[in-house]
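Q: I'd like to go over a predicted model; first the sequence, then the structure.
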Amino acid sequence: MHRQILLQQLERYRLVRPGYDFDDGPRLQGLVDFIKATPECFERHPPGHLTASAVVLDPTLSHLVLTHHAKLDMWIQLGGHCDGDPDTEAVARREAAEEAGLHHLELVEPVPFDVDVLPVPARPEAAFHWHYDLRYLFVSPRVELVPTDESKDLRWFTLGEAARVAVEPTMQRLLGKLTSL
């Protein structure tokens, strides 16, 4: 998938998700503007780059996989950098497999479930930058999760439990969307 295909996917997102959240419009427009202005948007570089996430629910839609991210020290969905791969759905799948051992994922819709633009604070190895995140919704059997060193913890949560541990505003907004399914 190159930038034009991704932009078409985001236009479909705009059409199928019009009323989820008053903030969707500005976030989506920021993402679209970034992709249009940045030919190397799939590569890691300042001031920002694309990331892709796997929002993974069990078949009952009542349990969600979250990772306690080691570097960020917070509970978030699975995901990571595109690192040059323009197929953001495939990146989300790869991250779910690498970070949790989830290999049997069913994509709910062929458009992102959510988009976000997230500031990433400066660290010794990286300057301040932005993550332009495309979040895909998947269903997976509730299997045992396989953690990696990227995670302090990894588990299935009910949506209510997830709302108590994933307290960042971006996660609360995402959980609000999930509870409306």
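A: On my side now, so go ahead. Numbering: from 1, shown residues only.
Q: For Leu72, see how far away the residue of the chain positioned farthest from its centre is.
A: In the chain, the residue that sits farthest from the middle, by C-alpha atoms, centre = their mean, is Pro124; the gap is 24.4 Å. Distance, Pro124 to Leu72, by C-beta to C-beta, to the nearest Å: 15 Å. (Glycine included, C-beta is placed from N, CA and C.)
Q: Shouldn't Leu64 be within a helix?
A: No - with DSSP: H, G, I helix; E, B strand; the rest coil as the criterion, Leu64 is strand rather than part of a helix.
Q: Quick one: neighbours of it, just the number.
A: By other C-beta atoms under 10 Å, 22 other residues sit near Leu64.
Q: could you list every residue that touches it?
A: 55-58, 77, 156-159, 162, 175, 178 (C-beta atoms under 8 Å, 6 or more residues apart in numbering).
Q: Bridge partners for it, pull those for me.
A: Assessed by DSSP bridges, Leu64 has beta-bridge partners Leu57, Phe157.
Q: quick one: Ser62 and Trp130, what's the gap?
A: 33 Å.
Q: ok, back up a step: need the contacts of Leu64 in TSV (columns: neighbour count and distance to His103).
A: Output for the contacts of Leu64, formatted as TSV (neighbours: other C-beta atoms under 10 Å; distance: C-beta to C-beta, whole Å):
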residue	neighbour count	distance to His103
Val55	24	17
Val56	25	11
Leu57	21	16
Asp58	16	15
Gln77	28	17
Trp156	20	16
Phe157	18	20
Thr158	12	23
Leu159	16	23
Ala162	23	22
Leu175	20	25
Leu178	18	22
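Q: Could you name the specific helix or strand carrying the residue lying closest to Glu95 once chain neighbours are set aside?
A: Closest residue to Glu95 apart from its sequence neighbours, by C-beta to C-beta, 6 or more residues apart in numbering: Gly80 at 4.4 Å. Here Gly80 sits within strand 78-81, counting by DSSP states H and E.
Q: following that strand, which helix or strand comes up?
A: Counting by DSSP H and E, what follows strand 78-81 is helix 88-100.
Q: List the buried residues in that next one.
A: 88-89, 91-97, 99-100 (16 or more other C-beta atoms under 10 Å).
Q: Quick check: the spatially most central residue of the chain vs Tyr136, distance?
A: Centroid-nearest residue in the chain: Ser53, 2.6 Å away (criterion: C-alpha atoms, centre = their mean). Using C-beta to C-beta, Ser53 is found at 7 Å from Tyr136.
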